[in-house]
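Next one to model:
(2 chains)
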There are 2 protein chains.
Amino acid sequence: MQAYRSLATTFSRLGALDDAGGILSWDTQTLMPDGASDTRGEQLATLSVLSHELLTAPSTADRLSEAEADVSALGEWERANLREMRRVHTHASAVPGDLVEASSKASTKSEMVWREARRNADFASLKPHLAEVLRLQRLVGEAKGAVLGLSPYDALLDGYDPGMRRARIDSLFAELRATLPGLVQQAQARQTSQPPAVPLPGPFPIESQKALGLSLMRAAGFDFSRGRLDVSLHPFCGGATDDVRITTRYDEDDATRAVMGVMHETGHALYEQGRPSAWRHQPVGHARGMSLHESQSLLIEMQACRTREFSEFLAPRLRDAFQGQGAEWNAENVHRLYTRVEPGFIRVDADECTYPAHILLRYELETAMIAGDLAVADLPGAFNDGMKRLLGLDVPNDRLGCLQDIHWPGGSFGYFPTYTLGAMGAAQLFKAACSALPGIRPALAQGDFSELRGWLRDNVHSNGSLLQTDELLVAATGKPLGAEDFLAHLDRRYVADAAVA
Amino acid sequence: MQAYRSLATTFSRLGALDDAGGILSWDTQTLMPDGASDTRGEQLATLSVLSHELLTAPSTADRLSEAEADVSALGEWERANLREMRRVHTHASAVPGDLVEASSKASTKSEMVWREARRNADFASLKPHLAEVLRLQRLVGEAKGAVLGLSPYDALLDGYDPGMRRARIDSLFAELRATLPGLVQQAQARQTSQPPAVPLPGPFPIESQKALGLSLMRAAGFDFSRGRLDVSLHPFCGGATDDVRITTRYDEDDATRAVMGVMHETGHALYEQGRPSAWRHQPVGHARGMSLHESQSLLIEMQACRTREFSEFLAPRLRDAFQGQGAEWNAENVHRLYTRVEPGFIRVDADECTYPAHILLRYELETAMIAGDLAVADLPGAFNDGMKRLLGLDVPNDRLGCLQDIHWPGGSFGYFPTYTLGAMGAAQLFKAACSALPGIRPALAQGDFSELRGWLRDNVHSNGSLLQTDELLVAATGKPLGAEDFLAHLDRRYVADAAVA
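You can find the predicted model right below:
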């Protein structure tokens, strides 16, 4: 117990450092004056270096071995906590310090170049930086893979979604690849046969959008004594334990996007606010990976808030907030606006039927890049070929193509699949929740999320990292992660019965 | 050089940790949701512990001795930097870790109790906590004093104002004690013979107050690419290097206070923004103590912005901001409002003539408490006796008496004198600046601070901690810190020629 307790103290300190970094990163994206970016970079780098030093100190490894030799003294949560400590330690200590630093610097530089390159649709300027980031990420993947006994890509993936492997994704994504193109065609045909979705007429004053968003967060159960809503260029859920900060951006010409953006981040936030408080600064108290995290945001946004039921609650509130008058403010049209299907160039703007195609493409390309089968120079061509093949679109320039996302320039290889794995998890969990508690869907028409939130808290949020993702899904839904509930959901909402889904 | 360079790396890390803590503390007082106070406390405590560990590691002491043995290799700034490293190290390592922790915990607890005690004017509930804080601060003072060869009070004082000693303050304050009571009487008599200061009629919308404050900050030269203005209950200047964040509070019934509050904090901010950028994360790049810091805020607020000249610039802007109409919006009345003299109970509301009396009293009481000559139980009586003696006021309750300030409950003994030492420094520096550059005062009537700011940057801000406070004052004004320019300023503004001062 001595070694375990001492580790718990160290990890509690690491958790506090992580939380401090979370608030500083939030501040960087919301409030920080431009001229402070260097000093902020130094602050964050110092916190990272101190964390890495704490984590990879020889004494940490010694205490881990000692605690593992004495595991019988530990309870269920403590045992899972020790397992997670080991996981965090393995990932951190697998990579030599100079590679961590080189990789972090290259990604920071490349991200900066990318912002300008995207603006100018200028892939050539990014190319050498992206090539360097890729080279270093391959080394990171190899270093982690050597210790974890995994391929480089699987090793990177494991950092975002513990336990997830490429073989599993290949098989799950094969189902999507087989079904989705036909489904999108059917959905669009169906859509054509229905009344068109009429855009709501603006303008939409930002203060009114904000007030509406806050009231919807409150309805969903966001705890404002332990969190905030603010504005940033790229919406996110961040902050710290007991201080969960979500952001959105407002468009005065379109209120519908900020509303769903806020609900998406609220889904993430409910997960964070529902983590087990007794384990708040320990690894077992953290959320279980990015796929499950994305399942929570998509469950709230896509599964719950784009239902016909929630449109009934939302439509009159939209009308009130913006003094709407015409028939386009009714629930039917609001629902149609929120369930339009239309292939487009930009991933973050995609509807839930075409979104997976964006991910299939990125997954295909990033696995090839990490395997050494696709050179950075060939990325734009391969990207555009894929967009033609998967969505039938001719990409006019790289700004609308391979330059649109920050992930690769930022060094995040292995992250993209978690979006679509999350969409699958969301469908699976929402179906199970609604089976267990049939009142959930009708309550959404009243803006009442309490039953849904209670089920999620019990079955997902309060688990922290006690169960692995598939263990959790088996316990909550009776089966491991699969594609079938997601595909059935899409078929029901967009093809079988578009009027009531 | 090897040891010095290695120390510079360590102190650069300490500077970044300090900056991270600065932003987190700012956030705590401006935006943090209530329920996050525990987790924020853990973050700040972790940063402090890590800093203290870095600073007091045996290797730091070894490198300091090594670098000091090789001082001939260092240039002027490096030598001063090494001197400051030693100073910081001595203060930190003088106090045993468990005393640091006990003292920090006692102060945090006592501060919390104080908030409630002040609200209820209930000294009894604070008494045991304040007694414990005092007991521990006396131990801290003794521990530091033993290493520094100073009395406990001088050792505490040295933490806020390096090099300042009680004997020096006693002699400076004796001049004030001899002169001020008569000066206040004369100022009040003079005031009675003049037209009364007519309060500006409100209400004063907060957005307009904010816009006015921002425009005045801009006029004074605040660099918004490296700083912000926000709102907090207690105004302060905080944040980090290249990210200076000042706050104010707005009263819809009185705009005059927020305006001067903003200019006060802007004075602090100009100092922070003007520190030498080549030494940004090194001890020698830091501001030189709290007395000099307060001199900068009071120079801007009291010396520059309460002049007749600045009133000419400000009055029409106040009138425009709040659509003022009557004669009370003219420069004469605005100036009278900003130079009223009236003894009152609350230190932070005091005018510049009666403010020193509040400090004389607190200095007298805290030196007695640290010396063991005044028990906490006897504090309220001694405080009230002093208010009667120094300002002729009968304190009706402890909320308006010894409970009004956070300093003692928060463990800050030795801080109070820096306010009045700062007022002296402000008068001395402003006089020297105006002698060197006679255009400074006339320019204030145009809202033009550029000459004044340039002089302050050259003579104060860019010095960092290269020169000690008195060395800096001798270089800038020809003499060490004294009371005469301050007293002459008060006499000129409030007695000799109240119409033009």
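
can you pull the contacts of the single nearest residue of the stretch 51-200 of chain A relative to chain B?
At 8.6 Å from chain B, A:Leu54 is the closest residue in the stretch 51-200 of chain A, using CB to the nearest CB. C-beta: built from backbone N, CA, C; applies to glycine. A:Leu54 makes contact with A:Thr10, A:Arg13, A:Leu14, A:Leu17, A:Thr60 under the criterion CB atoms under 8 Å, 6 or more residues apart in numbering or on different chains.

biggest separation within those, which pair?
Within these, A:Leu17 and A:Thr60 form the most distant pair, 14.2 Å apart (CB to CB).

ok, those two, which is more surrounded?
Ranked by neighbour count (other CB atoms under 10 Å in any protein chain shown), A:Leu17 and A:Thr60 place A:Leu17 first, with 23 against 20.

residues in chain A within reach of chain B, list them.
Proximity of chain A to chain B, by CB under 8 Å from any CB of the partner chain, involves residues A:12-13, A:16-17, A:19-20, A:23-24, A:27, A:31-36, A:38-40, A:42-43, A:45-47, A:49-50, A:223-228, A:240-243, A:280-281.

Make a PyMOL selection of the buried ones in those residues.
The PyMOL selection below is limited to those of the residues of chain A next to chain B classed as buried (16 or more other CB atoms under 10 Å in any protein chain shown):
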select buried, chain A and resi 13+16+17+19+20+23+24+27+31+32+33+36+39+40+42+43+45+46+47+49+50+223+226+227+228+240+241+242+243+280+281
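
Tell me which of the residues of chain A next to chain B fall in helices.
A:12-13, A:16-17, A:19-20, A:23-24, A:27, A:38-40, A:42-43, A:45-47, A:49-50 (DSSP state H).

Find the centremost residue of chain A, please.
Residue closest to the mean C-alpha point of chain A, counted by CA atoms, centre = their mean, is A:Glu294 at 4.0 Å.

list the contacts for it?
With contacts defined as CB under 8 Å, 6+ apart, A:Glu294 is in contact with A:Thr418, A:Tyr419, A:Leu421, A:Gly422, A:Ala423, A:Gly425, A:Ala426.

Just give the closest residue to it, not the sequence neighbours.
Distances taken as CB to CB, 6 or more residues apart in numbering or on different chains place A:Gly422 nearest to A:Glu294, at 2.6 Å, with adjacent residues excluded.

now A:Pro409
Nearest non-adjacent residue to A:Pro409, counting by CB to CB, 6+ apart: A:Trp114, 3.7 Å away.

I'd guessed the one you found sits against A:Gly411; true?
No: counting by CB atoms under 8 Å, A:Trp114 does not reach A:Gly411; the two are 11.0 Å apart.

Just give me the neighbour total for A:Leu214.
Residues lying near A:Leu214 (other CB under 10 Å) number 14.

got a list of what it touches?
Here A:Leu214 is in contact with A:Leu229 (CB under 8 Å, 6+ apart).

got a list of what the residue in the stretch 351-500 of chain A that chain B sits nearest to touches?
The minimum distance from the stretch 351-500 of chain A to chain B, using CB to the nearest CB, falls at A:Gly464 (15.8 Å). Counting by CB under 8 Å, 6+ apart, A:Gly464 makes contact with A:Arg275, A:Pro276, A:Trp279, A:Val284, A:Gly285, A:His286, A:Ala287, A:Arg288.

The fourth one contacts A:Leu74, doesn't it?
No: contact status for A:Val284 versus A:Leu74: not in contact, 11.1 Å apart, counting by CB under 8 Å.

So for the two, which residue has more residues nearby?
Neighbours were counted for A:Val284 and for A:Leu74 using other CB under 10 Å; A:Val284 has more, 24 against 16.

just to revisit the earlier point, work out for me the element the residue of the stretch 51-200 of chain A closest to chain B sits within.
For A:Leu54, the host element (DSSP states H and E) is helix A:37-56.

What residue spans form the domains of chain A?
A:2-160, A:166-193+A:345-417 (automatic domain parsing).

Select, out of these, the one closest to B:Phe322.
Closest to B:Phe322 of the domains of chain A is domain A:2-160 (CB to CB; 27.9 Å).

what stretches of chain A score poorly on pLDDT?
Scanning chain A for pLDDT under 70 picks out the ranges A:497-501.

can you map out the helices along the stretch 201-350 of chain A?
Secondary structure of the stretch 201-350 of chain A (DSSP state H, counting those that start in this stretch): helices located at A:206-220, A:256-273, A:289-298, A:308-321, A:331-338.

in stretch A:96-104, what counts as buried?
For stretch A:96-104, a neighbour-count test (16+ other CB under 10 Å) marks A:Val100, A:Ala102, A:Ser103, A:Ser104 as buried.

Next: stretch A:395-414.
Buried residues in stretch A:395-414 (16+ other CB under 10 Å): A:395, A:398-406, A:408-409, A:411-414.
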